[in-house]
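> Need coordinates for the following:
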Amino acid sequence: MKTTNIFSQKWLVMASLLLLAVPGRAADAAPTPPAKPVRVACCGDSITCGAGTAVPERDAYPKQLAALLGAAWEVQSFGVSGTTVFNITGNPWAGHPERDAALASKPDVVIIALGTNDCNPEKWKNKDQYLKDYRALIQMFRNLESKPKIYVATPVPFGPAQNDHLPGLKEQIVLIGQLAAEEELTVIDMNAAMKGREDLIPDSVHPNTTGAGIMARTAFRALTGREAPSPAAMAVPAGFVLIPAGEFKMGDALDGIPGAPVHPVTLSAFYIAKSLVTQAEWNEVATWAVTHGYQDLAVKEGKATDHPVHTVSWYDAVKWCNARSEKEGLTPCYTVNGAVMKTGAAEPAVNWATTGYRLPTEAEWEKAARGGLSGKRFPWGDTISHSQANFTNDGGEAYATGATGPHPLWGKNDDKNCPHTSPVGSFPANGYGLLDMAGNVWQRCWDWYSWEPGPPTDPRGVATGTIRTLRGGSWRVGAESCRVAFRNSGDPAYASRYVGFRVVRSDCQN
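Numbering: from 1, shown residues only. Modelled structure (predicted):
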């Protein structure tokens, strides 16, 4: 089988321009973009459609491939569930309207990822017809004026529930190699890429989102000759920071803060919002939510649109997280009796293995707040002043420097013009690039408040309780309350002008 193909003159010109345009390629001159995007037609079955992924319209391998390739490529998916190479089965891919649409797209590149359904023992009885039907499919694309470069993909492995399909799969891989050699095609070996990763094929047929990502990266390598950008570099959502996995020291031994003994905690990686949720962000989601089944997420008044939202109960915050997740096509984290939590004040279950928005655990919040530092009182060091945070310097702590009283720009020593919040991002970020991790408004966490430190890996608090944890301090409190290890608590149903929140997302592909 060949690993290269005979390029048309048109393809050579476009490929040369593309190599100049891809990010990260060294060049003496400024990159020259191609005259038009390279058109890619992904033809296949339900796997191409994204069956088995969390959100197919986002996670199917053609969608992930498009994200990897960037604007210089135009990737289209022409998947049809249940289709085959075989024409005699009654459901050939070539017999569906998607074939005509793929041909009409005038592709420069064609990826054919069929064969999973052909492995069915009943269908595979007709294996002598396989190469003939595959060649007929290939010829349809070769007849196009665009003269596309054609790739044929091997089917991904089957899980144990489909063991009867394995004989057909093994023979089909050999035949695809033979076809590629005879027709001078390039093989994309999806089977080898997914071998040993059957855990990513939970239904034994369809790769999940992570598996589809492996398929996308394998296709990227075949199309460009380069390795795809790292998943971590690709995955960080806009407005978020990736907090790396690993151990940190949680707690504070400096001044005897109660309930915060120093102990090692190991956390999985996660993403945390750089900023507190603002009034504008809250109201945008709340306005959407009211027409999508969220009955008690009210639009909030606040100091200003760029100030943190406040007077939000814990229940309000988790429902808002769900609404934002659904608004953006993500899987919500919080459910009640198996249904997405949209209203009320029941205690929700949480799905930690989804990319939807949620509140941080107390441990996640503290690791993020420390900004990579260890053993310090604050996100930036051991002292605090009004140049670093919006808090009230009551003069009671030697490590609070500068003028006493509320913040001179936003605070008043009375209840007029309350709350005395400041615009998010008014102070320097910590080492992770996070804003307002001390002062402004208290930040809600997932955990029930408890004196128990929890397990050493990914602690999520005790199973039950009556009050939930608050962290970070606020405009109203003194320096001690703004320390990264200081723990406060509140009734989850209570909403206060001193309390807001920020959101996190788990680092996973579901």
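> Any idea what Leu272 is bridged to?
Heads up, residue 272 is Ile, not Leu. Here Ile272 sits in beta bridges with Val241, Val504, as judged by DSSP bridges.
> Spit out the contact partners of it.
Applying C-beta atoms under 8 Å, 6 or more residues apart in numbering to Ile272 gives the contacts Phe240, Val241, Ile243, Pro360, Glu364, Ala368, Tyr432, Leu434, Arg502, Val503, Val504. Every residue, glycine included, has its C-beta placed from N, CA and C.
> Going by distance to Trp73, which of these wins?
For the contacts of Ile272, the residue nearest Trp73 by C-beta to C-beta is Phe240; the value is 25.7 Å.
> From Phe486, how far off is the residue nearest to Asp306 when sequence neighbours are not counted?
In space, Asp306 comes closest to Pro423 once its chain neighbours are excluded; the distance is 4.5 Å by C-beta to C-beta, 6 or more residues apart in numbering. Counting by C-beta to C-beta, to the nearest Å, the gap between Pro423 and Phe486 amounts to 24 Å.
> got it, and Gln388?
Distance from Gln388 to Phe486, by C-beta to C-beta: 16 Å.
> next one: Ala181
Taken as C-beta to C-beta, the span from Ala181 to Phe486 is 68 Å.
> now swap in Leu434 and tell me
17 Å.
> With Arg358 instead?
Applying C-beta to C-beta, one obtains 22 Å for the distance of Arg358 from Phe486.
> residue ranges for the helices of the stretch 251-400 of the chain, please.
Under the criterion DSSP state H, counting those that start in this stretch, the stretch 251-400 of the chain carries helices at the ranges 279-289, 314-327, 362-370.
> Format the ones you listed as JSON lines; extra columns: mean neighbour count.
Output for those, formatted as JSON lines (neighbours: other C-beta atoms under 10 Å):
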{"stretch": "helix 279-289", "mean neighbour count": "19"}
{"stretch": "helix 314-327", "mean neighbour count": "24"}
{"stretch": "helix 362-370", "mean neighbour count": "25"}
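> so can I have CSV of the ones you listed showing distance to Ala71 and mean pLDDT?
Written out in CSV, the entries for the helices of the stretch 251-400 of the chain read as follows (distance: least, C-beta to C-beta, whole Å; pLDDT from 0 to 100):
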stretch, distance to Ala71, mean pLDDT
helix 279-289, 27, 97
helix 314-327, 25, 97
helix 362-370, 32, 97
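> Minimum distance to Thr154: which of the ones you listed has it?
The stretch from the helices of the stretch 251-400 of the chain with the least distance to Thr154 (C-beta to C-beta) is helix 314-327; that distance is 35.3 Å.
> so what does the closest one touch, helix or strand wise?
The contact analysis (3 or more C-beta pairs under 8 Å, 6 or more residues apart in numbering; DSSP states H and E) places helix 314-327 against helix 279-289, strand 334-336, strand 357-358.
> Adding distance to Asn117, write those out as CSV.
As requested, the helices and strands packed on helix 314-327 are arranged in CSV below (distance: least, C-beta to C-beta, whole Å):
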stretch, distance to Asn117
helix 279-289, 39
strand 334-336, 34
strand 357-358, 37
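> Where does pLDDT dip in this protein?
1-35, 230-235, 412-417, 508-510 (pLDDT under 70).
> mind giving me the domain ranges of it?
9-234, 237-510 (automatic domain parsing).
> Name the SS class of Pro107, please.
Under DSSP: H, G, I helix; E, B strand; the rest coil, the three-state class of Pro107 is coil.
> I figured it hits Cys43, correct?
No: Pro107 is not in contact with Cys43 according to C-beta atoms under 8 Å; the separation is 9.2 Å.
> So between the two, which is more surrounded?
Neighbour tally, Pro107 and Cys43, criterion other C-beta atoms under 10 Å: the higher count belongs to Cys43, 29 against 26.
> shouldn't that one be in contact with Val109?
No: when contacts are counted by C-beta under 8 Å, Cys43 is not listed as touching Val109 (11.0 Å).
> Check the spacing between Ala212 and Val80 real quick.
17 Å.
> who's more crowded, the two?
Under the neighbour definition other C-beta under 10 Å, Ala212 and Val80 were set side by side, and Ala212 has more, 29 against 22.
> What's the local residue count around the residue nearest to the more buried one when sequence neighbours are not counted?
Excluding its sequence neighbours, the residue lying closest to Ala212 (C-beta to C-beta, 6+ apart) is Tyr61, at 4.3 Å. Neighbour count of Tyr61, defined by other C-beta under 10 Å: 33.
> Can you name the residues that contact Tyr99?
Careful, residue 99 is Arg and not Tyr. Cys43, Phe78, Trp93, Met140.
> Can you tell me the SS state at the second one?
On the three-state scheme (three-state DSSP), Phe78 is labelled strand.
> can you pull up the bridge partners for it?
Residues in a beta bridge with Phe78, per DSSP bridges, are Cys43.
> hang on, it packs against Cys42?
Yes: counting by C-beta under 8 Å, Cys42 is a contact partner of Phe78 at 6.4 Å.
> okay, and the common contacts of those two?
Where contact means C-beta under 8 Å, 6+ apart, the residues bridging Phe78 and Cys42 through contact with each are Thr48.
> ok, the residue lying closest to Asn117 once chain neighbours are set aside to Tyr357 distance?
Closest residue in space to Asn117, ignoring its immediate chain neighbours: Thr84 at 4.7 Å, by C-beta to C-beta, 6+ apart. When distance is defined by C-beta to C-beta, Thr84 is 40 Å away from Tyr357.
> Pick out whichever of the two has more residues nearby.
Relative neighbour count places Tyr357 above the other of Thr84 and Tyr357, with 29 against 26, counting by other C-beta under 10 Å.
> Mind picking the two most distant members of the contacts of Ile272?
The span of these, defined through C-beta to C-beta, is set by Tyr432 and Val503 at 15.2 Å.
> Look at these two and report which has more neighbours.
Residue environment comparison for Tyr432 versus Val503 gives the larger neighbour count to Val503, 25 against 20, counting by other C-beta under 10 Å.
> can you tell me which residues contact the more buried one?
Neighbours of Val503 in contact, by C-beta under 8 Å, 6+ apart: Ile272, Ala273, Val277, Cys321, Arg324, Tyr357, Arg358, Leu359, Pro360.
> Out of these, the closest to Ala219 would be?
Proximity to Ala219 was ranked across these by C-beta to C-beta; first place goes to Tyr357, at 30.0 Å.
> for the closest one, what are its contacts?
Applying C-beta under 8 Å, 6+ apart, we find Tyr357 in contact with Cys321, Asn322, Arg324, Ser325, Leu330, Cys333, Val503, Val504, Arg505.
> hmm, which two among those residues are most spread apart?
Across those, the longest distance by C-beta to C-beta is 14.0 Å; it joins Asn322 and Val504.
> would you turn the helices of the stretch 251-400 of the chain into JSON lines with distance to Ile188?
Conversion of these to JSON lines gives the following (distance: least, C-beta to C-beta, whole Å):
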{"stretch": "helix 279-289", "distance to Ile188": "40"}
{"stretch": "helix 314-327", "distance to Ile188": "33"}
{"stretch": "helix 362-370", "distance to Ile188": "38"}
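> Which one, of the ones you listed, ends up nearest to Ala54?
Ala54 lies closest to helix 314-327 among these, at 11.2 Å (C-beta to C-beta).
> what comes into contact with that closest one?
With C-beta under 8 Å, 6+ apart as the criterion, helix 314-327 contacts 277, 282, 285-286, 288-289, 292, 294, 296-297, 312, 331-334, 340-345, 348, 356-359, 444, 468, 490, 492-493, 495, 501, 503.
> May I ask you to confirm that Met215 belongs to a helix?
Yes: assessed with three-state DSSP, Met215 lies in a helix.
> ok, it - contacts?
By C-beta under 8 Å, 6+ apart, the residues touching Met215 are Ile47, Tyr61, Gln64, Val156, Met190, Ala193, Met194, Pro207.
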